Each structure stands twice: as structure tokens, then as C-alpha cells.
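A.B. asks: I'd like to go over a predicted model; first the sequence, then the structure.
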Amino acid sequence: MAGFDTAQVATLLRQIGAYNELLANTYVYGSIASDEQDANTLNLLHKSGLIRPDESPGEYRVTTDFKRMLNRLMRKQSSYRQLTDMGKVIDAIDDIAKDYRAAIDAKEQEDAEYYLDQLDDLLYEVKDNFNNNLDTMHFAIVSQFGFVNSLSNKIRQNERYLSHAQKLLNELQQIDPQDCYDWLDWPCPNEFARKISRFVYWYNQILPKLRLIIDNMRISLFRLRRDEKQASQLRNMARFLRKRPEFDLDENLFELPNLPETLKYSPPMPLRSYVDTKQTEIEQPLLELIQALRKQAVVQSIKVRESSEVSYKPIEKMAVEEDFFEQQTELLFEHVIINNSSVSALSFFQEFQHDWLLEQQSIAPKAWIELVFSCYCKLTSAQQSALNIKMKGVPVNGTTDNYSYSDVVIELAANKEKLG
């Protein structure tokens with residue numbers, strides 16, 4: 001094959017044969033971990049393009065091209081898909097994600113690992129393809145298409161790469177990161193989520209870089225077209241002068257008798273279209289000129305902001321006052337627990353009403369019964385399980401399950417069977 005010699009091909013085949021077991025294990029088991037013994041061997045195979053680094057540090061996988069060749073030779077179904085546009089790539093990833101989820105749900109571990117390897121190869125191939133394209137375009141911009149000679153070829157190269165870059169941008173803009181996160185909308189394994197998240201992160205990094213390359217290509221194309229126009233004008237002027245011998249300069253012009261003496265011995269004109277920074281005598285005038293230009297810049301005046309005072313009052317500390325009758329309900333519950341007896345809310349009200357009036361506290365009997373019921377409902381589950389509440393009342397006429405309660409009785413849960 002043109003472009004390669006037999007020594008390069010023989011060296012590559014010799015490496016494959018020398019490390020056949022290591023490459024076979026990497027191909028069969030998906031990846032191989034490096035240690036101090038075979039670190040040099042893995043680096044050599046990586047430089048040869050036979051293996052590539054995995055996402056996990058210290059692990060390597062077989063490259064896509066080498067794996068595709070082995071798949072074809074082993075009559076194994078290849079995971080390679082033609083990367084014509086990003087729409088097909090997203091469809092391919094979606095199919096693999098569905099197959100992987102189905103294998104995980106069915107607890108088919110070997111099939112799940114196979115689909116995960118397919119996803120890893122596909123994502124790596126997509127990112128590697130786009131990164132190579134971007135590197136080529138970046139080299140074209142930096143070198144100003146130095147691998148071609150004429151300006152017309154440089155312009156054609158720029159237009160071709162600019163069109164290719166715009167197509168890549170259109171393909172990348174077909175990706176919606178939110179749709180990619182839909183593949184993780186289930187309790188998926190961490191390694192699957194990590195691969196999808198890194199793919200979305202790569203997309204967010206590659207898109208601004210591609211836009212910057214396109215902008216630089218447009219600027220480069222504008223400059224190349226301007227240079228081509230100037231070169232065309234110079235060629236036309238040179239063609240015009242060659243056709244008219246009266247504009248040709250005589251090589252012995254300085255010896256002509258009709259040439260003035262001042263022109264024969266005058267020094268060359270020191271004027272240039274640029275500043276020669278290597279001349280130290282113009283360094284100080286050049287600095288003064290630059291400083292004078294900087295001083296001409298319009299200085300924006302600082303606006304005086306209005307100031308105002310903020311007054312505040314110190315925070316007052318207020319003592320928390322507990323409701324008097326809520327304390328009485330707690331005393332009722334304590335009376336039930338201490339005396340191990342049932343207590344009626346109405347009888348408790350009649351017993352302590354006189355003492356409450358002495359403390360200038362009063363409450364209606366109905367409100368007291370409702371308060372006891374409300375405080376019981378606010379108890380924790382463990383407290384409610386230790387205390388039982390019994391409602392005393394009569395059914396409301398004309399209804400089935402509605403009652404008009406006149407009293408509530410609180411008792412310990414241990415006394416429930418005895419009282420029953």
C-alpha cells in the first residue's frame with residue numbers, strides 16, 4: 001500500500017505477535033489494568049495504536065480500529081456504526097441504552113457488559129472523530145494553510161474547511177443535553193451514568209471551541225481574499241510595466257551624464273512603512289508617542305453615589321409564655337399516669353375550676369373538652385399508644401356516624417382490658 005514500507009508493517013505485526021496474550025486478554029475481557037511490570041509494554045502498544053486508555057486510571061482498552069478488525073476476523077458482530085451525522089449517533093446511543101437497561105432489568109450481567117462496551121466504543125469513536133477534525137482545522141488556521149502554495153488554493157482550502165466546520169456545528173447542535181439525561185432516568189449503575197455524563201460534558205466543551213474556530217476561519221478567509229486581491233493588482237501592474245520598456249530602469253542609471261549629482265551621491269531614504277523596534281535611538285520617541293496616545297483616552301468620570309443612613313432598633317428579648325390551660329391538660333395526663341386511673345375531662349374541670357378562678361383564669365366547659373381532645377391528638381405516636389381516649393356522647397338525629405360529645409375520658413392503655 002502506498003505511503004508505508006514493509007519495515008513499518010513488519011514492526012506492527014511483530015508487536016501484535018509478541019504481545020498476543022496481553023492483547024487477547026484485553027480484547028476478550030474488555031480492558032486490562034496496568035502494573036509496574038507491564039507499564040512499558042502498555043505504553044509501547046499505546047504508541048502503536050493498538051490500545052487506548054480507559055476512563056478508569058491505569059486501565060487500557062483495545063482501540064476501535066484494531067477491535068473492528070478482530071470482530072470481522074472472528075465473525076463477531078461489530079459495534080461500529082457509520083458516523084454520518086449526529087442524529088444517527090444519538091439514535092445509536094439510544095438503542096444501546098435501551099438494550100443495556102433491558103439486560104440490567106433481566107439481570108443478564110454478561111449482556112449488560114457487552115452493551116456497555118458497545119457504548120464505550122461508540123462514544124470514544126464519536127469524540128475521537130470530532131477531536132481529530134477540530135485539530136486538523138486548528139492546524140489549518142494556525143499555519144494559514146501552509147501546506148498549499150498559491151493563494152487561490154489557500155482560499156479553496158479555507159472555504160472547504162469552513163463548510164466542513166459549519167456542518168460539524170449543525171450536527172452538534174442537534175444534541176439536546178436534557179434528552180441525553182433522559183437515558184439516566186432510572187436507577188442505572190454508576191459506570192453507565194458516568195459515561196453519559198462525560199459525553200454531555202464533552203459536548204458542552206466542544207461546541208464553544210468549534211464556534212471559535214469558525215469565527216477564526218471567517219477572519220482568515222477575509223484576509224486571504226484581501227491578499228489575493230492585492231496580489232492580483234501587483235501582477236497586473238507588473239504585466240503593465242513589462243509591456244512598456246520606457247518604464248524599465250537602466251542598470252547603469254548612476255553613470256548617465258544627465259542624472260543630477262545630488263541623486264548620484266544621496267544616501268538612501270530612511271522612511272519605512274513600519275517601525276523598526278530594533279533601532280534603540282527611536283525607543284524613547286516611540287514610548288513618548290505611545291504614552292501621548294494613551295493620555296488622549298476619554299476618562300469616564302466616577303459618579304457620586306447617594307448615601308443614606310439605616311436606623312435599626314436592638315432586638316428585644318421576650319420570654320416565651322406557655323398557655324395556662326395547655327399546662328392544665330398536661331397535669332391531667334400526669335394525673336392519669338401517676339394514679340394509674342382514668343380521668344374525665346369534665347370532672348377534672350369541675351374539681352379545679354375554683355383554683356383557676358382564683359388565678360383569674362377561666363374557660364368554658366365545651367372549650368376545655370375540645371382542648372383536651374386537641375392536646376391528645378398532638379401527642380407523639382408512642383405517647384398516644386400509652387394513653388387511650390374514650391368519647392362520651394349521643395348520636396345526632398338523622399345521621400348515621402355523627403355524634404355529639406359531652407365528655408372525654410383519658411386512661412392508661414394497660415387498663416383498657418380491665419375496664420372493658
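C.D. replies: Looks like it arrived, so ask away.

A.B. asks: show me what the helix or strand containing residue 353 is packed against.
C.D. replies: Assigned by DSSP states H and E, residue 353 falls within helix 345-358. The contact analysis (3 or more C-beta pairs under 8 Å, 6 or more residues apart in numbering; DSSP states H and E) places helix 345-358 against helix 324-339, helix 365-377, strand 403-412. The way it works is simple: take the backbone N, C-alpha and C, and place the C-beta from them, glycine included.

A.B. asks: the helices in the stretch 101-250 of the chain, which residues?
C.D. replies: 109-142, 151-172, 177-181, 190-243 (DSSP state H, counting those that start in this stretch).

A.B. asks: where in the stretch 151-300 of the chain is pLDDT low?
C.D. replies: Within the stretch 151-300 of the chain, the segments meeting pLDDT under 70 span 247, 249-250, 254, 263-275, 277, 295-300.

A.B. asks: in stretch 53-68, what's buried?
C.D. replies: 54, 59-64, 66-68 (16 or more other C-beta atoms under 10 Å).

A.B. asks: least confident of these?
C.D. replies: Lowest pLDDT within the buried residues of stretch 53-68 is found at residue 68 (74).

A.B. asks: pipe the helices of the stretch 101-250 of the chain into TSV and attach mean neighbour count and distance to residue 283 per row.
C.D. replies: Below are the helices of the stretch 101-250 of the chain laid out as TSV (neighbours: other C-beta atoms under 10 Å; distance: least, C-beta to C-beta, whole Å):
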stretch	mean neighbour count	distance to residue 283
helix 109-142	17	31
helix 151-172	16	36
helix 177-181	12	54
helix 190-243	14	30
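
A.B. asks: okay if I get those as CSV plus distance to residue 91?
C.D. replies: Converted to CSV, those look like this (distance: least, C-beta to C-beta, whole Å):
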stretch, distance to residue 91
helix 109-142, 11
helix 151-172, 13
helix 177-181, 11
helix 190-243, 15
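
A.B. asks: to residue 381, which of the ones you listed lies closest?
C.D. replies: Nearest of these to residue 381, taken as C-beta to C-beta: helix 190-243 at 37.6 Å.

A.B. asks: and the closest one, how far out from the chain's middle?
C.D. replies: 26 Å (C-alpha atoms, centre = their mean, to the nearest Å).

A.B. asks: quick one on the thing from earlier: and the helices and strands packed on helix 345-358: which comes nearest residue 182?
C.D. replies: The closest of the helices and strands packed on helix 345-358 to residue 182 is helix 365-377. By C-beta to C-beta, the value is 44.8 Å.

A.B. asks: just say helix, strand or coil for residue 388.
C.D. replies: strand (DSSP: H, G, I helix; E, B strand; the rest coil).

A.B. asks: report the contact partners of it.
C.D. replies: Residue 388 is in contact with 410-413, 416, counting by C-beta atoms under 8 Å, 6 or more residues apart in numbering.

A.B. asks: bridged to it, which residues?
C.D. replies: residue 411 (DSSP bridges).

A.B. asks: what's the distance between it and residue 409?
C.D. replies: In this view, residue 388 and residue 409 are 9 Å apart by C-beta to C-beta, to the nearest Å.

A.B. asks: rewinding a little: need the helices and strands packed on helix 345-358 in CSV with mean pLDDT, distance to residue 196 and mean neighbour count, can you?
C.D. replies: Shown next, in CSV, are those (pLDDT from 0 to 100; distance: least, C-beta to C-beta, whole Å; neighbours: other C-beta atoms under 10 Å):
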stretch, mean pLDDT, distance to residue 196, mean neighbour count
helix 324-339, 88, 56, 14
helix 365-377, 88, 49, 16
strand 403-412, 84, 59, 16
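
A.B. asks: can you lay out these as JSON lines showing distance to residue 7?
C.D. replies: What follows is these, written out as JSON lines (distance: least, C-beta to C-beta, whole Å):
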{"stretch": "helix 324-339", "distance to residue 7": "96"}
{"stretch": "helix 365-377", "distance to residue 7": "91"}
{"stretch": "strand 403-412", "distance to residue 7": "98"}
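
A.B. asks: against residue 120, how distant is residue 200?
C.D. replies: Where residue 120 is concerned, residue 200 sits at a distance of 15 Å (C-beta to C-beta).

A.B. asks: what of residue 394?
C.D. replies: 76 Å.

A.B. asks: mind checking the SS state of the most far-flung residue of the chain relative to its centre?
C.D. replies: Largest separation from the mean C-alpha position in the chain: residue 257, at 80.3 Å (C-alpha atoms, centre = their mean). What three-state DSSP gives for residue 257 is coil.

A.B. asks: excluding sequence neighbours, find me the nearest residue to residue 115.
C.D. replies: Closest residue in space to residue 115, ignoring its immediate chain neighbours: residue 100 at 4.0 Å, by C-beta to C-beta, 6 or more residues apart in numbering.

A.B. asks: and that neighbour, which helix or strand is it part of?
C.D. replies: Take DSSP H and E as the rule and residue 100 turns out to sit in helix 86-105.

A.B. asks: for that helix, packing partners?
C.D. replies: helix 109-142, helix 151-172, helix 190-243.
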